[in-house]
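> sequence below, structure please.
(chains A and B)
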Amino acid sequence: MEVKVMKNIMGANEKLAEELRAYLSGHGITVINVMASPGAGKTSVIMKLMELSKRRFSVIEGDIASSIDAEKIDRIGVHVVQINTGGECHLDANMIRTVVTGDEAFDNTVLFIENVGNLICPSSFDLGEKTKIVIASVPEGHDKPFKYTSMFSTADVIILNKMDLMPYIQFDKEAFYKGIAAVNSRARVFEVSCATGEGFGELVKWLDEVR
Amino acid sequence: MHEYAVTCNIVDIAVKEAEAAGAGRILEIRLVIGDLSSIIDESVSMYFDIISKDTIAEGAKLVFKRMPALFLCKSCGREFEKPRSGFNCPHCGGEGRLTDAGREFYIESLEVE
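Modelled structure (predicted):
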(Lines give C-alpha, C1' and ligand atoms only; values in the text may rest on other atoms or scores of the structure.)
Protein backbone atom coordinates (compact mmCIF):
# COMPACT_ATOMS: atom_id res chain seq x y z
CA MET A 1 0.00 0.00 0.00
CA GLU A 2 1.22 3.48 -0.83
CA VAL A 3 1.03 6.29 1.74
CA LYS A 4 1.32 9.85 0.40
CA VAL A 5 3.46 11.91 2.77
CA MET A 6 4.68 15.16 1.17
CA LYS A 7 6.37 16.32 4.36
CA ASN A 8 9.42 18.56 4.62
CA ILE A 9 12.32 16.60 6.10
CA MET A 10 13.43 19.69 8.04
CA GLY A 11 9.87 20.28 9.27
CA ALA A 12 10.63 19.54 12.93
CA ASN A 13 13.37 22.18 13.05
CA GLU A 14 11.22 24.68 11.19
CA LYS A 15 8.31 24.19 13.58
CA LEU A 16 10.62 24.74 16.56
CA ALA A 17 12.08 27.82 14.87
CA GLU A 18 8.59 29.28 14.41
CA GLU A 19 7.77 28.70 18.09
CA LEU A 20 11.09 30.23 19.04
CA ARG A 21 10.37 33.24 16.83
CA ALA A 22 7.20 33.92 18.83
CA TYR A 23 9.14 33.73 22.12
CA LEU A 24 11.89 36.02 20.79
CA SER A 25 9.46 38.60 19.55
CA GLY A 26 7.61 38.55 22.90
CA HIS A 27 10.89 39.21 24.71
CA GLY A 28 12.17 41.95 22.41
CA ILE A 29 15.02 39.80 21.08
CA THR A 30 16.18 40.42 17.50
CA VAL A 31 18.24 37.49 16.28
CA ILE A 32 20.94 37.81 13.63
CA ASN A 33 22.36 34.47 12.42
CA VAL A 34 25.97 35.00 11.36
CA MET A 35 27.42 32.35 9.02
CA ALA A 36 30.79 32.03 7.29
CA SER A 37 33.70 29.70 6.74
CA PRO A 38 36.24 29.31 9.57
CA GLY A 39 38.46 32.38 9.75
CA ALA A 40 36.34 34.74 7.62
CA GLY A 41 36.03 37.07 10.61
CA LYS A 42 32.67 36.27 12.22
CA THR A 43 33.80 37.12 15.76
CA SER A 44 35.74 40.19 14.63
CA VAL A 45 32.79 41.61 12.67
CA ILE A 46 30.39 40.97 15.56
CA MET A 47 32.76 42.61 18.05
CA LYS A 48 33.34 45.62 15.80
CA LEU A 49 29.59 46.10 15.33
CA MET A 50 28.97 45.89 19.08
CA GLU A 51 31.70 48.48 19.65
CA LEU A 52 30.27 50.94 17.11
CA SER A 53 26.51 50.57 17.61
CA LYS A 54 24.69 51.95 20.63
CA ARG A 55 22.15 49.10 20.76
CA ARG A 56 22.15 46.48 23.54
CA PHE A 57 23.64 43.17 22.46
CA SER A 58 23.96 39.55 23.51
CA VAL A 59 25.77 36.70 21.80
CA ILE A 60 25.49 32.93 21.38
CA GLU A 61 28.75 31.36 20.24
CA GLY A 62 28.47 28.12 18.30
CA ASP A 63 31.62 26.06 18.08
CA ILE A 64 32.56 22.45 17.77
CA ALA A 65 34.61 22.33 20.94
CA SER A 66 36.31 25.52 22.13
CA SER A 67 35.27 28.65 24.04
CA ILE A 68 37.96 30.99 22.67
CA ASP A 69 35.44 33.27 20.94
CA ALA A 70 33.04 33.36 23.90
CA GLU A 71 35.87 34.41 26.21
CA LYS A 72 36.67 37.34 23.90
CA ILE A 73 33.05 38.51 24.05
CA ASP A 74 32.81 37.96 27.81
CA ARG A 75 35.83 40.22 28.34
CA ILE A 76 33.99 43.21 26.84
CA GLY A 77 31.07 42.70 29.23
CA VAL A 78 28.43 41.43 26.79
CA HIS A 79 26.16 38.55 27.83
CA VAL A 80 27.43 35.49 25.98
CA VAL A 81 26.57 31.78 26.08
CA GLN A 82 28.73 29.15 24.43
CA ILE A 83 27.19 26.18 22.65
CA ASN A 84 29.63 23.38 21.93
CA THR A 85 28.07 21.14 19.33
CA GLY A 86 30.52 18.29 20.01
CA GLY A 87 31.29 17.76 16.34
CA GLU A 88 27.94 18.70 14.80
CA CYS A 89 28.49 20.96 11.82
CA HIS A 90 25.69 23.43 12.56
CA LEU A 91 23.43 24.94 15.21
CA ASP A 92 19.73 24.08 15.22
CA ALA A 93 16.60 25.72 16.61
CA ASN A 94 16.41 23.38 19.59
CA MET A 95 19.92 24.32 20.76
CA ILE A 96 19.01 28.02 20.61
CA ARG A 97 15.69 27.47 22.38
CA THR A 98 17.43 25.63 25.23
CA VAL A 99 19.88 28.49 25.75
CA VAL A 100 17.58 31.49 25.31
CA THR A 101 14.37 30.40 27.02
CA GLY A 102 14.14 31.78 30.54
CA ASP A 103 17.47 33.65 30.45
CA GLU A 104 16.37 37.27 30.98
CA ALA A 105 19.80 38.63 30.08
CA PHE A 106 18.82 38.06 26.44
CA ASP A 107 15.64 40.12 26.73
CA ASN A 108 15.50 43.37 24.72
CA THR A 109 18.82 42.81 22.95
CA VAL A 110 20.07 42.26 19.45
CA LEU A 111 21.27 38.66 19.70
CA PHE A 112 24.11 37.69 17.40
CA ILE A 113 24.30 33.93 16.89
CA GLU A 114 27.76 33.04 15.62
CA ASN A 115 27.16 29.78 13.79
CA VAL A 116 29.71 26.99 13.39
CA GLY A 117 32.31 27.96 10.76
CA ASN A 118 31.03 26.14 7.68
CA LEU A 119 29.55 27.33 4.37
CA ILE A 120 27.36 24.26 3.86
CA CYS A 121 25.22 22.90 6.69
CA PRO A 122 24.20 26.02 8.67
CA SER A 123 22.24 27.26 5.64
CA SER A 124 19.72 24.42 6.12
CA PHE A 125 18.78 25.22 9.73
CA ASP A 126 16.39 28.03 10.65
CA LEU A 127 17.32 29.36 14.11
CA GLY A 128 14.34 31.66 14.53
CA GLU A 129 16.39 34.57 13.23
CA LYS A 130 15.18 37.85 11.78
CA THR A 131 18.18 38.17 9.49
CA LYS A 132 20.90 35.97 8.07
CA ILE A 133 24.34 37.46 7.51
CA VAL A 134 26.91 35.60 5.41
CA ILE A 135 30.49 36.81 5.66
CA ALA A 136 33.01 36.17 2.89
CA SER A 137 36.56 37.42 3.11
CA VAL A 138 38.99 38.55 0.43
CA PRO A 139 41.67 35.86 1.03
CA GLU A 140 39.08 33.10 0.50
CA GLY A 141 38.78 34.16 -3.12
CA HIS A 142 35.97 35.46 -5.34
CA ASP A 143 34.55 32.04 -6.23
CA LYS A 144 32.67 31.36 -2.99
CA PRO A 145 29.17 32.30 -4.27
CA PHE A 146 29.71 29.85 -7.13
CA LYS A 147 30.77 27.00 -4.87
CA TYR A 148 28.39 27.51 -1.95
CA THR A 149 25.25 28.41 -3.84
CA SER A 150 22.79 27.48 -1.11
CA MET A 151 24.54 29.52 1.58
CA PHE A 152 24.83 32.67 -0.53
CA SER A 153 21.29 32.33 -1.86
CA THR A 154 19.75 32.38 1.64
CA ALA A 155 21.59 35.49 2.94
CA ASP A 156 19.79 38.75 3.68
CA VAL A 157 23.11 40.53 4.03
CA ILE A 158 26.49 39.57 2.59
CA ILE A 159 29.62 41.11 4.06
CA LEU A 160 32.91 41.06 2.20
CA ASN A 161 35.51 41.32 4.98
CA LYS A 162 39.29 41.97 5.00
CA MET A 163 39.05 44.62 2.26
CA ASP A 164 42.43 45.95 3.46
CA LEU A 165 44.03 42.83 1.92
CA MET A 166 42.65 43.55 -1.56
CA PRO A 167 45.95 44.97 -2.91
CA TYR A 168 47.77 41.74 -2.03
CA ILE A 169 45.28 39.12 -3.27
CA GLN A 170 44.05 38.17 -6.72
CA PHE A 171 40.38 38.78 -6.03
CA ASP A 172 38.08 39.37 -9.00
CA LYS A 173 35.42 41.62 -7.48
CA GLU A 174 33.33 41.69 -10.64
CA ALA A 175 33.12 37.88 -10.66
CA PHE A 176 32.21 37.86 -6.95
CA TYR A 177 29.33 40.28 -7.51
CA LYS A 178 28.18 38.37 -10.61
CA GLY A 179 28.05 35.18 -8.55
CA ILE A 180 25.95 36.87 -5.89
CA ALA A 181 23.61 38.44 -8.46
CA ALA A 182 22.98 35.02 -10.02
CA VAL A 183 21.92 33.33 -6.79
CA ASN A 184 20.51 36.16 -4.67
CA SER A 185 18.86 39.29 -6.01
CA ARG A 186 17.75 40.72 -2.68
CA ALA A 187 20.82 40.63 -0.38
CA ARG A 188 22.56 43.89 0.51
CA VAL A 189 26.33 43.65 0.19
CA PHE A 190 28.77 45.57 2.41
CA GLU A 191 32.56 45.76 2.01
CA VAL A 192 34.41 46.15 5.30
CA SER A 193 37.72 45.68 7.05
CA CYS A 194 37.87 44.92 10.75
CA ALA A 195 41.56 45.88 10.71
CA THR A 196 41.03 49.44 9.42
CA GLY A 197 37.35 49.97 10.27
CA GLU A 198 36.60 50.78 6.63
CA GLY A 199 32.98 50.33 5.57
CA PHE A 200 31.54 49.91 9.06
CA GLY A 201 29.67 53.25 8.98
CA GLU A 202 27.16 51.91 6.46
CA LEU A 203 26.92 48.52 8.14
CA VAL A 204 26.20 50.04 11.56
CA LYS A 205 23.55 52.25 9.96
CA TRP A 206 21.91 49.07 8.59
CA LEU A 207 22.22 47.28 11.96
CA ASP A 208 20.66 50.18 13.86
CA GLU A 209 17.54 49.83 11.73
CA VAL A 210 17.06 46.04 12.02
CA ARG A 211 13.89 45.43 14.04
CA MET B 1 27.54 16.87 6.21
CA HIS B 2 24.53 16.86 8.53
CA GLU B 3 23.11 13.61 7.20
CA TYR B 4 22.80 12.14 10.71
CA ALA B 5 20.30 14.82 11.78
CA VAL B 6 18.52 14.57 8.44
CA THR B 7 18.22 10.78 8.63
CA CYS B 8 16.81 10.93 12.17
CA ASN B 9 14.07 13.21 10.78
CA ILE B 10 13.39 10.86 7.87
CA VAL B 11 12.94 7.82 10.13
CA ASP B 12 10.83 9.84 12.56
CA ILE B 13 8.43 11.14 9.90
CA ALA B 14 8.20 7.81 8.05
CA VAL B 15 7.43 5.80 11.20
CA LYS B 16 4.75 8.28 12.34
CA GLU B 17 3.09 8.40 8.93
CA ALA B 18 3.14 4.62 8.52
CA GLU B 19 1.68 4.06 12.00
CA ALA B 20 -1.01 6.65 11.32
CA ALA B 21 -1.92 4.63 8.21
CA GLY B 22 -2.13 1.50 10.33
CA ALA B 23 0.89 -0.14 8.73
CA GLY B 24 3.13 -2.65 10.49
CA ARG B 25 6.15 -2.38 8.24
CA ILE B 26 7.72 0.15 5.87
CA LEU B 27 9.02 -1.35 2.63
CA GLU B 28 10.14 1.76 0.81
CA ILE B 29 10.66 5.47 1.52
CA ARG B 30 10.63 7.81 -1.49
CA LEU B 31 12.59 11.02 -0.96
CA VAL B 32 12.72 14.10 -3.16
CA ILE B 33 15.99 15.97 -2.69
CA GLY B 34 17.14 19.09 -4.51
CA ASP B 35 20.79 19.35 -5.47
CA LEU B 36 21.22 22.53 -3.40
CA SER B 37 20.73 20.51 -0.21
CA SER B 38 24.36 19.24 -0.09
CA ILE B 39 23.14 15.85 1.11
CA ILE B 40 24.99 12.69 0.12
CA ASP B 41 22.64 9.76 -0.61
CA GLU B 42 25.13 7.08 0.46
CA SER B 43 25.68 8.81 3.77
CA VAL B 44 21.91 8.95 4.45
CA SER B 45 21.66 5.25 3.57
CA MET B 46 24.48 4.39 5.96
CA TYR B 47 22.89 6.27 8.87
CA PHE B 48 19.47 4.88 7.93
CA ASP B 49 20.59 1.30 8.58
CA ILE B 50 21.70 2.27 12.08
CA ILE B 51 18.85 4.63 13.04
CA SER B 52 15.99 2.52 11.65
CA LYS B 53 17.13 -0.61 13.51
CA ASP B 54 14.34 -2.06 15.69
CA THR B 55 11.73 0.27 14.17
CA ILE B 56 9.08 -0.58 11.58
CA ALA B 57 11.35 1.16 9.04
CA GLU B 58 14.16 -1.38 9.48
CA GLY B 59 15.14 -2.88 6.13
CA ALA B 60 13.14 -0.36 4.10
CA LYS B 61 14.53 0.64 0.72
CA LEU B 62 15.40 4.32 0.29
CA VAL B 63 14.60 5.79 -3.11
CA PHE B 64 16.21 9.16 -3.87
CA LYS B 65 14.57 11.31 -6.51
CA ARG B 66 17.17 13.98 -7.26
CA MET B 67 16.03 17.39 -8.48
CA PRO B 68 18.61 19.53 -10.31
CA ALA B 69 19.22 23.17 -9.38
CA LEU B 70 17.78 25.16 -12.27
CA PHE B 71 18.83 28.56 -13.52
CA LEU B 72 16.86 30.86 -15.82
CA CYS B 73 18.77 32.73 -18.52
CA LYS B 74 18.22 36.50 -18.41
CA SER B 75 18.97 36.79 -22.12
CA CYS B 76 17.24 33.90 -23.90
CA GLY B 77 14.77 32.91 -21.16
CA ARG B 78 15.69 29.23 -21.26
CA GLU B 79 16.05 27.14 -18.13
CA PHE B 80 19.24 25.20 -17.59
CA GLU B 81 20.85 22.98 -14.96
CA LYS B 82 23.63 24.43 -12.84
CA PRO B 83 26.74 24.18 -15.02
CA ARG B 84 29.90 22.66 -13.56
CA SER B 85 31.56 26.04 -13.61
CA GLY B 86 29.94 29.49 -13.43
CA PHE B 87 26.25 30.31 -13.78
CA ASN B 88 26.10 31.33 -17.44
CA CYS B 89 23.64 29.91 -19.97
CA PRO B 90 25.06 26.98 -21.97
CA HIS B 91 22.86 27.97 -24.94
CA CYS B 92 23.65 31.67 -25.40
CA GLY B 93 26.21 32.54 -22.71
CA GLY B 94 23.81 34.96 -20.98
CA GLU B 95 23.70 35.44 -17.22
CA GLY B 96 21.65 32.91 -15.29
CA ARG B 97 19.47 33.51 -12.24
CA LEU B 98 18.81 30.77 -9.69
CA THR B 99 15.20 29.57 -9.55
CA ASP B 100 13.50 27.73 -6.66
CA ALA B 101 14.11 24.35 -8.31
CA GLY B 102 16.85 22.50 -6.45
CA ARG B 103 15.67 23.29 -2.91
CA GLU B 104 13.22 20.36 -2.65
CA PHE B 105 13.68 18.35 0.52
CA TYR B 106 10.74 16.15 1.44
CA ILE B 107 9.36 12.65 1.82
CA GLU B 108 7.03 12.07 -1.09
CA SER B 109 5.49 8.73 -0.17
CA LEU B 110 5.96 5.39 1.54
CA GLU B 111 5.27 1.82 0.49
CA VAL B 112 3.95 -0.01 3.55
CA GLU B 113 2.24 -3.23 4.53
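> give the contact list for residue 78.
By default, I'm working from chain A. Listed by CB atoms under 8 Å, 6 or more residues apart in numbering or on different chains, the contact partners of A:V78 are A:50, A:57-59. To be clear about C-beta, it is placed using only N, CA and C from the backbone, and glycine gets the same treatment.
> actually chain B
By CB under 8 Å, 6+ apart, B:R78 lies in contact with B:72, B:89, B:91-92.
> give the buried residues for the lengthiest helix in chain A.
Identified as the longest helix of chain A according to DSSP state H is helix A:11-26. Buried residues in helix A:11-26, counted by 16 or more other CB atoms under 10 Å in any protein chain shown: A:12-13, A:16-17, A:20-21, A:24.
> and those residues, which is closest to chain B?
Of all the buried residues of helix A:11-26, chain B sits closest to A:A12, with 5.8 Å by CB to the nearest CB.
> quick one: that closest one from A:A93, how far?
A:A12 sits 9 Å away from A:A93, taking CB to CB, to the nearest Å as the criterion.
> up against chain B, what does chain A have?
Residues of chain A lying near chain B by CB under 8 Å from any CB of the partner chain: A:1-13, A:88-90, A:92, A:118, A:120-121, A:124-125, A:146, A:149-150, A:153, A:178-179, A:181-185.
> quick one: the strands in chain B, in order.
Along chain B, counting by DSSP state E, strands occupy B:26-34, B:61-67, B:70-73, B:79-81, B:96-98, B:105-112.
> oh, that last question was meant for chain A, not what I typed.
Going by DSSP E, chain A shows strands at A:2-8, A:30-36, A:57-63, A:79-84, A:110-114, A:131-137, A:157-161, A:188-191.
> about what we covered before: between the longest helix of chain A and strand A:110-114, what angle do the directions make?
Angle, helix A:11-26 to strand A:110-114, by axes from the mean of the first three to the mean of the last three CA atoms, to 10 degrees: 150 degrees.
> next one: helix A:11-26 to chain centre, how far?
17 Å (CA atoms, centre = their mean, to the nearest Å).
> what's the burial count for the closest residue to B:I107 other than its chain neighbours?
Nearest residue to B:I107, sequence neighbours excluded (CB to CB, 6 or more residues apart in numbering or on different chains): A:V5, at 4.4 Å. A:V5: 19 surrounding residues under other CB atoms under 10 Å in any protein chain shown.
> can you check B:D100 too?
11.
> for the closest residue to chain A within chain B, what are its contacts?
Relative to chain A, the nearest point of chain B is B:F87 (3.9 Å; CB to the nearest CB). Residues near B:F87 by CB under 8 Å, 6+ apart: A:146, A:178-179, A:182-183, B:71, B:95-96, B:98.
> could you list the residues of chain B in contact with chain A?
B:1-2, B:5-6, B:9-10, B:12-14, B:17-18, B:21, B:23, B:31, B:36-38, B:69, B:71, B:82, B:85-87, B:95-98, B:103, B:105-113.
> can you rerun that using 6 Å?
Within reach of chain A by CB under 6 Å from any CB of the partner chain, chain B has these residues: B:1-2, B:9-10, B:13, B:17, B:21, B:36, B:38, B:87, B:96-98, B:105-107, B:109-112.
> any chance of the contacts of A:V78 in a markdown table, plus neighbour count and pLDDT?
Listed next are these as a markdown table, based on neighbours: other CB atoms under 10 Å in any protein chain shown; pLDDT from 0 to 100:
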| residue | neighbour count | pLDDT |
| --- | --- | --- |
| A:M50 | 20 | 98 |
| A:F57 | 22 | 98 |
| A:S58 | 23 | 98 |
| A:V59 | 27 | 98 |
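> between the residues you listed, which is nearest chain B?
Chain B lies nearest to A:V59 out of these, by CB to the nearest CB, at 23.1 Å.
> look up how far A:E129 lies from the closest one.
From A:V59 over to A:E129 (counting by CB to CB), the distance is 13 Å.
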